[in-house]
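Peer 1: coords please:
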Amino acid sequence: MPLYDSTTSIASEDESGSLTRATQHVAEMRAQLRDHQWEQCMVTCRRVLGQIPRLADIPSSKSVAAVAASTRSPEQRWAAIYWDMWSLANATHHDDSNTAGLTWTRDGAEAVLLAAAGLLKRYTASR
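Peer 2: Here you go, the predicted model:
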């Protein structure tokens, strides 16, 4: 007799949300910023942002885009910020013609670090 129910799905570490992992990534981002590793800071930022929907319910980008910005609920407005930050950080993860001219400065990396950390705090404050 197995010690677990094989009919249930157990999320792998990559699939399950982890506030601990996300906060470790925030610390990594700070160290990368300190060490002038702007692009690597952005890659790590993407990892932080990737944890958030695993930890909290965020309206989909499609559902947010379907509502005029002026009529969005507060939750939809936060989701719009999340999806815009995701899009910005996600571009760093791809080396293609669309991102060939993308370069990061300290100011840009710092702003995205603060936004990612702020979104993590906002979406996990009740945990």
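
Peer 1: Report the central residue of the chain.
Peer 2: Note on the chain: the residue nearest the mean C-alpha position is Leu49, at 0.8 Å, using CA atoms, centre = their mean.

Peer 1: which stretch of helix or strand covers Val48?
Peer 2: Using DSSP states H and E, Val48 sits within helix 38-55.

Peer 1: Just the buried residues of that helix, please?
Peer 2: 38, 40-55 (16 or more other CB atoms under 10 Å). In this view, the C-beta of every residue, glycine as well, is placed from N, C-alpha and C.

Peer 1: Show me what it is packed against.
Peer 2: helix 19-34, helix 74-92, helix 106-124 (3 or more CB pairs under 8 Å, 6 or more residues apart in numbering; DSSP states H and E).

Peer 1: what does the average pLDDT come to for stretch 115-122?
Peer 2: In this model, stretch 115-122 has a mean pLDDT of 95.

Peer 1: buried set for that stretch?
Peer 2: Neighbour-count burial for stretch 115-122, counted by 16+ other CB under 10 Å, picks out 115-117, 119-120.

Peer 1: Quick check, Leu33 in contact with Gly108.
Peer 2: No. Counting by CB atoms under 8 Å, Leu33 stays clear of Gly108, with 10.6 Å between them.

Peer 1: Please report how far Ala125 lies from Leu49.
Peer 2: 17 Å (CB to CB, to the nearest Å).

Peer 1: circling back: when Leu33 and Gly108 are compared, which one has more neighbours?
Peer 2: When Leu33 and Gly108 are compared for neighbours, Leu33 comes out ahead with 19 against 15, by other CB atoms under 10 Å.

Peer 1: contacting residues around the residue nearest to the more buried one when sequence neighbours are not counted?
Peer 2: Closest residue in space to Leu33, ignoring its immediate chain neighbours: Cys41 at 5.1 Å, by CB to CB, 6 or more residues apart in numbering. When contacts are counted by CB atoms under 8 Å, 6 or more residues apart in numbering, Cys41 is found next to 29, 32-33, 104, 109, 112-113.

Peer 1: go on, Ala80?
Peer 2: 64, 69, 72.

Peer 1: at 7 Å what do you get?
Peer 2: By CB atoms under 7 Å, 6 or more residues apart in numbering, the contact set of Ala80 is 64, 72.

Peer 1: I appreciate the help and will end here.
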